[in-house]
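> pasting the structure only:
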């Protein structure tokens, strides 16, 4: 019998509770022993909860209880999640989490603390919600040098773009729609400005390389500048615009990463990822392209990944899993010009575009010319900004 | 330093060799120690091989070498692969394999033998080639009761159907094309009759349920009856025809499974799986739908999965992984009529189709009527066969 605790009884926390209770038989089979939920930490009152006796407001109840071996931190935010997690790991307890902000910010330290204390800090749910992706990347692709990762990592922005693409909604209308459906927060900045996707590609790149990729060094652009006209022009080129977290791993150990809207040709696997779904495409030198697809958020999908990590901790009692990374001695971020992309460009019909050299897929649409450039650096595009209305990188 | 051996130096075996040599640094990082290749077993001569001293024709060299801790069985076929694997496991060696026939036939026994001897028998490469799918199913979806699996599990047939769909080739032409490109064997029966996909869905269903699903009890239909006209009619309904390995898990513990051509609406994720690629869609009660996509065959992709299993065995030295199944006390196969499907039907214009009740998507095409039936059992469709030219299940 393994004793567990949940920290934070919000959407994901209540999902973890539900799965532990409803799928108890399956969990016992998977873990090899019963999972007994001993505490739920939350500062709020849950007097009507059928198991209200499990609730506590004091994290020390969990830290000081030698019976508890695994804790799900699903409270979110950096503080006090960081302090609680650190204390729990130092007290010899396994911690699993869906908290991407915490993993992206304090991952190296918490992974090291877990190792020093012979326990695990697992975070499958922090990227891709319910989609199995971090463990497959670390374990199933263990024989590969990872070359490239491209992911649709944020469901809110994918939903907004999908509404623009499929139902020709404006960005503002699509955002309101997302909010009405509970897919976007009232303050949607973390999603639409790309901050959420930035944490996630940082975690993916860190795990793929074994070295912490500092998310603050990742060039991050959201979808707020994408217009319905952009989406329609992309359609003319048989393509869609998606918000992509991108990372490329160079032979010299440097990693190029960005979060930005990118154009994707229809017919490719990522182009078909609609609605709030997420997908992560990973290219390894032996396997080639593999893709993981599924629900990137939501109560039960995310909880599914959290509980799988709980099971993993129980199965691997006393053994440190090789899922993590260390801080590099110096920055491993490649420069923004170390990687060239072709761009999808919209320019005024009168603009002088000869500076772009040989362009392809040229179309005259109304008072605009649209085309695709040769591969160029971000600085080269910055210089050309004055004469373009829109410039969106192409994902190849 | 972990000592390894390869049994069978064919396509996959030489890929395993290449990865162990070329990606040695990455493997050491993943496994936590160097992997030293000590033997390659093959009955053929490889006198020109740069490491010809590794080759042996006698499996006892490996079985009796106490230094060898992990062996990749990539020789294929049932015998002597079964006897070699059994002896190696009993000698306390981990065995990893890409041999789906062996896993589907002797899986329960070899998994049990591994457990009894404190070692592992891992077979990630047996389904989906390089695609991580078995370990994610067993570990990342550990909190889910699996409800349904639908997979494009055979690259050869997917290539043939893709050529029929995209380039309007006849089945015979597409098959010749596949053979010319090395995607199909000279005797293509195992692929085009669905036998290969049958082994793979049996392995997936066994792993998902924890009980051996006897592949000989799975209704298996290949793609040899699919005509270019079928493919074109499907296109009229905005759909494609794919060979699908299907399994559904009932609450009573019974499992319905089949391999058959199925119709899939365009726009769904499986419909976009083109060329020789494979994909497995898994539905779990907590996570919903997740999909794993990638190269389902090929030298390095398949070897990528084999070597990942080697790494896993080294990392989990002395620990039995919970990836496997046992033989059920009695058959768990559901009856063929325990699951209803809607069918895509082509019938002569003069045929009396009133017996199908309320049909949808009705089209008159030339001298035919095409439509989609209400959900019906296999026996109900068998009774109607006399009046239909083609009847293909719909994957919903």
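Structure's in. What do you need? Please read these numbers as outputs of a predicted model, since none were measured by experiment.
> List the buried residues of stretch A:180-200.
Buried residues in stretch A:180-200, defined by neighbour count with 16 or more other CB atoms under 10 Å in any protein chain shown: A:183-184, A:188, A:190-200. C-beta coordinates here come from the backbone N, C-alpha and C atoms, glycine included.
> How is chain A partitioned into domains?
According to automatic domain parsing, chain A is divided into the following domains: A:2-130+A:299-315, A:134-295, A:343-394.
> Let's have these in CSV, adding mean pLDDT.
As requested, these are exported to CSV (pLDDT from 0 to 100):
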stretch, mean pLDDT
domain A:2-130+A:299-315, 98
domain A:134-295, 97
domain A:343-394, 94
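> Any idea how far stretch A:278-297 is from the middle of the chain?
Its chain's C-alpha centre and that of stretch A:278-297 lie 12 Å apart, by CA atoms, centre = their mean, to the nearest Å.
> So it, near chain B or not?
Yes: using CB under 8 Å from any CB of the partner chain, stretch A:278-297 reaches chain B at A:284-295.
> if we can go back for a sec, in terms of distance to chain B, which of the buried residues of stretch A:180-200 ranks first?
Minimum separation from chain B among these (CB to the nearest CB) is found for residue A:183, which lies at 15.1 Å.
> Restricted to strands, list the residues of stretch A:278-297 next to chain B.
Among the residues of stretch A:278-297 next to chain B, the ones falling in strands (DSSP state E) are A:284, A:288-295.
> I'd like those residues written out as CSV, with neighbour count added.
Below are these laid out as CSV (neighbours: other CB atoms under 10 Å in any protein chain shown):
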residue, neighbour count
A:284, 27
A:288, 19
A:289, 19
A:290, 31
A:291, 25
A:292, 28
A:293, 26
A:294, 28
A:295, 22
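> Report back the residue of chain A that's furthest from centre.
Here the centre of chain A is the reference, and by CA atoms, centre = their mean the most remote residue is residue A:350, at 40.8 Å.
> From residue A:95, how far out is it?
60 Å (CB to CB, to the nearest Å).
> ditto for residue A:283
31 Å.
> Then residue A:319?
15 Å.
> Next, format the buried residues of stretch A:180-200 as CSV and append distance to chain B and secondary structure.
Output for the buried residues of stretch A:180-200, formatted as CSV (distance: CB to the nearest CB, whole Å; DSSP: H, G, I helix; E, B strand; the rest coil):
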residue, distance to chain B, secondary structure
A:183, 15, coil
A:184, 20, coil
A:188, 24, coil
A:190, 23, helix
A:191, 20, helix
A:192, 24, helix
A:193, 27, coil
A:194, 24, coil
A:195, 25, helix
A:196, 20, helix
A:197, 19, helix
A:198, 24, helix
A:199, 20, helix
A:200, 16, helix
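> Could you find the residue nearest the spatial middle of chain A?
Per CA atoms, centre = their mean, the C-alpha nearest to the average position across chain A is that of residue A:200, at 3.1 Å.
> rewinding a little: of residue A:319 and residue A:95, which one has the most company?
More neighbours surround residue A:95 than the other of residue A:319 and residue A:95, with 29 against 15 (other CB atoms under 10 Å in any protein chain shown).
> May I have the secondary structure class of the more buried one?
strand (DSSP: H, G, I helix; E, B strand; the rest coil).
> Identify the residues contacting it.
Taking CB atoms under 8 Å, 6 or more residues apart in numbering or on different chains, we find residue A:95 in contact with A:70-73, A:85, A:88-89, A:110, A:114, A:119-122.
> In ChimeraX, how would I select the buried members of those?
In ChimeraX, this line selects whichever of the contacts of residue A:95 come out buried by 16+ other CB under 10 Å:
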select /A:70,71,72,73,85,88,89,110,114,119,120,121,122
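> circling back to that earlier point, for the residue farthest from the centre of chain A, give its distance to residue B:172.
56 Å.
> about what we covered before: which one of the contacts of residue A:95 is nearest residue A:388?
Set against residue A:388, the nearest of those by CB to CB is residue A:110 (43.2 Å).
> Tell me if that closest one really is in a strand.
No: if the criterion is three-state DSSP, then residue A:110 is helix and not within a strand.
> Wait, it touches residue A:83, no?
No: with contact defined as CB atoms under 8 Å, residue A:110 does not count as touching residue A:83 (11.1 Å).
> hey, where'd the helices end up in the stretch 201-350 of chain A?
For the stretch 201-350 of chain A, the helices defined by DSSP state H, counting those that start in this stretch cover A:228-236, A:299-315.
> closest one to residue B:258 among the ones you listed?
Closest of the helices of the stretch 201-350 of chain A to residue B:258 is helix A:299-315, at 27.0 Å (criterion: CB to CB).
> From the ones in strands among the residues of stretch A:278-297 next to chain B, pick the one nearest residue B:60.
Ranked by distance to residue B:60 (CB to CB), these are led by residue A:284 at 35.5 Å.
> what's the spacing between the closest one and residue B:134?
Distance of residue A:284 to residue B:134, computed by CB to CB: 17 Å.
> okay, the angle between the strand or helix carrying residue A:18 and helix A:299-315?
For residue A:18, the enclosing helix or strand under DSSP states H and E is helix A:11-22. Calculated by axes from the mean of the first three to the mean of the last three CA atoms, to 10 degrees, helix A:11-22 forms an angle of 60 degrees with helix A:299-315.
> So which residues of the stretch 201-350 of chain A form strands?
Using DSSP state E, counting those that start in this stretch, the strands of the stretch 201-350 of chain A run over residues A:219-220, A:239-249, A:255-265, A:277-284, A:288-295, A:343-348.
> can you redo these as CSV with distance to residue A:146?
Listed next are the strands of the stretch 201-350 of chain A as CSV, based on distance: least, CB to CB, whole Å:
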stretch, distance to residue A:146
strand A:219-220, 20
strand A:239-249, 6
strand A:255-265, 10
strand A:277-284, 5
strand A:288-295, 11
strand A:343-348, 25
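> which one of those lies closest to residue B:244?
The minimum distance between residue B:244 and those falls on strand A:288-295, with 16.9 Å, by CB to CB.
> one step back: contacting residues for the residue nearest to the centre of chain A?
A:100, A:104, A:126-128, A:151, A:153-154, A:245.
> same check, this time on residue A:263
Taking CB under 8 Å, 6+ apart, one finds A:234, A:237, A:239-241, A:344, A:392-395 in contact with residue A:263.
> on that earlier part again, and which of the residues of stretch A:278-297 next to chain B is nearest residue B:176?
Closest to residue B:176, out of all of those and judged by CB to CB, is residue A:288, at 25.5 Å.
> tell me the contacts of the closest one?
Each residue near residue A:288 by CB under 8 Å, 6+ apart is listed here: B:130, B:294-295, B:298, B:300-301.
> and the nearest residue to residue A:134 once chain neighbours are set aside, how many neighbours?
Of all residues not flanking residue A:134 in the chain, residue A:124 sits nearest, at 5.0 Å (CB to CB, 6 or more residues apart in numbering or on different chains). By other CB under 10 Å, 30 other residues sit near residue A:124.
> ok, residue A:124 touching residue A:132?
Yes: between residue A:124 and residue A:132 a contact is recorded at 7.0 Å, counting by CB under 8 Å.
> shared neighbours, the two?
By CB under 8 Å, 6+ apart, residue A:124 and residue A:132 have these common neighbours: A:305, A:308, B:140.
> Quick one: which of the residues you listed is the most crowded by neighbours?
That'd be residue A:305 among the shared contacts of residue A:124 and residue A:132, by other CB under 10 Å, with 32 neighbours.
> and the gap between that residue and residue A:278?
Distance, residue A:305 to residue A:278, by CB to CB: 12 Å.
> Identify the contacts common to these two.
With CB under 8 Å, 6+ apart, residue A:305 and residue A:278 have common neighbours A:128-129, A:131.
> Phi and psi next, for residue A:120.
Residue A:120 has phi and psi values of phi -120, psi 150 when expressed as degrees, to the nearest 10.
> hang on, the earlier thing: among the contacts of residue A:95, which are located in helices?
A:85, A:88-89, A:110, A:114 (DSSP state H).
> of the residues you listed, closest to residue A:261?
Of the ones in helices among the contacts of residue A:95, the one sitting nearest to residue A:261 (CB to CB) turns out to be residue A:110, at 31.9 Å.
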